[in-house]
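Undergrad: Build me a model:
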Amino acid sequence: FWQLWTADAEASLNDLRALSRHRFDAARYRSLTRPVQLLIGTESPRALYFTDALAASLPNARVTELEGQAHEGMTTAPEQFVEAISRFLLE
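TA: Now for the predicted structure:
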């Protein structure tokens, strides 16, 4: 993935700059009533992400764990990712 990461370095740096200035408030999303699926890898340090706080604020959310995956589960386990998304969309 080195070539992909380095090609995306400038955009990633801009993303990091924006994220460092952003103040996340899960309560801002309470009025979103549509079904929402949040994904997290079982190997990710869950406390670093806002997944659980956001799920608690959303009235119709569920958290799906990608087993054995970390932050890049959609890249490292695309079949598992597609199955989780497909299951959610087809319900």
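Undergrad: Which residue ranges of this protein form helices?
TA: 2-7, 9-21, 51-57, 73-76, 78-90 (DSSP state H).
Undergrad: which stretch among those comes nearest Arg34?
TA: Counting by Cβ to Cβ, Arg34 lies closest to helix 78-90 out of these; the figure is 11.7 Å. C-beta coordinates here come from the backbone N, C-alpha and C atoms, glycine included.
Undergrad: Enumerate every residue touching the residue positioned nearest the centre of the chain.
TA: The centroid of the chain falls nearest to Leu39 when counting by Cα atoms, centre = their mean (5.2 Å). By Cβ atoms under 8 Å, 6 or more residues apart in numbering, the contact set of Leu39 is 63-66, 73-74, 81, 84.
Undergrad: same thing with Asp25?
TA: Per Cβ under 8 Å, 6+ apart, neighbours of Asp25: none.
Undergrad: What of Asp8?
TA: Contacts of Asp8 (Cβ under 8 Å, 6+ apart): none.
Undergrad: and it, how far is that from Pro59?
TA: 35 Å (Cβ to Cβ, to the nearest Å).
Undergrad: Give me the neighbour count for Gln80.
TA: 19 (other Cβ atoms under 10 Å).
Undergrad: Skip the chain neighbours and tell me the closest residue to it.
TA: In this structure, Gln80 finds its nearest non-sequential neighbour in Leu66, 5.3 Å apart by Cβ to Cβ, 6 or more residues apart in numbering.
Undergrad: Name the surrounding residues that touch stretch 28-35.
TA: Against stretch 28-35 from outside (Cβ under 8 Å, 6+ apart): 54, 57-62, 88.
Undergrad: where does it sit relative to the chain's centre, distance-wise?
TA: 16 Å (Cα atoms, centre = their mean, to the nearest Å).
Undergrad: How about stretch 11-20?
TA: Per Cα atoms, centre = their mean, the centroid offset for stretch 11-20 relative to its chain is 16 Å.
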